[in-house]
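Peer 1: A predicted structure for the sequence below; I have some questions about it.
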Amino acid sequence: MIKLIMGFVFAIIFLIFASQNMKGININLLVGPPVKVPIIVLVFSSFMCGVVVSLFFTIIGRSRRGKKEV
């Protein structure tokens with residue numbers, strides 16, 4: 001139940017943050033013209049990249065521990 005409440009609190013804080021950061025910014029890519037995206041898209045994309053990288057290293061660490069025990 002605590003996890004559910006914390007999830008709702010986090011979601012509300014995220015929605016407030018998102019509504020305050022809708023201003024667009026230009027992102028210069030290596031090729032092509034700059035792309036204009038809202039700040040929240042950039043923040044959320046960075047957050048999700050961090051989640052994916054941490055999950056990847058967690059899975060790698062667990063698989064290595066499993067091989068040592070055998």
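Peer 2: Received it, and whenever you're ready, just let me know what you need. Residues are numbered from 1 along each chain as shown.
Peer 1: could you use CA atoms for every contact and neighbour count after this?
Peer 2: Noted.
Peer 1: now residue 49: how far from residue 55?
Peer 2: 10 Å (Cα to Cα, to the nearest Å).
Peer 1: can you list the buried residues in the helix ranked longest in the chain?
Peer 2: Taking DSSP state H as the criterion, the chain has its longest helix at helix 39-69. Buried residues in helix 39-69, counting neighbours by 16 or more other Cα atoms under 10 Å, are found at 39, 40.
Peer 1: tell me the mean pLDDT for that helix?
Peer 2: Confidence over helix 39-69 (mean pLDDT, whole number) is 85.
Peer 1: chain center to stretch 34-41: distance?
Peer 2: Chain-centre distance of stretch 34-41: 15 Å, with Cα atoms, centre = their mean, to the nearest Å.
Peer 1: now the end-to-end length of that stretch.
Peer 2: Terminal residues of stretch 34-41 lie 15 Å apart, using Cα to Cα.
Peer 1: same thing with stretch 33-43?
Peer 2: Length of stretch 33-43, first residue to last, Cα to Cα: 21 Å.
Peer 1: next: stretch 28-44.
Peer 2: Per Cα to Cα, stretch 28-44 runs 18 Å from first to last residue.
Peer 1: hmm, who's touching it?
Peer 2: With contact meaning Cα atoms under 8 Å, 6 or more residues apart in numbering, stretch 28-44 is reached by 17, 18, 21, 22, 23, 24, 25, 26, 27.
Peer 1: state the distance from residue 52 to residue 59.
Peer 2: Taking Cα to Cα, one finds residue 52 at 11 Å from residue 59.
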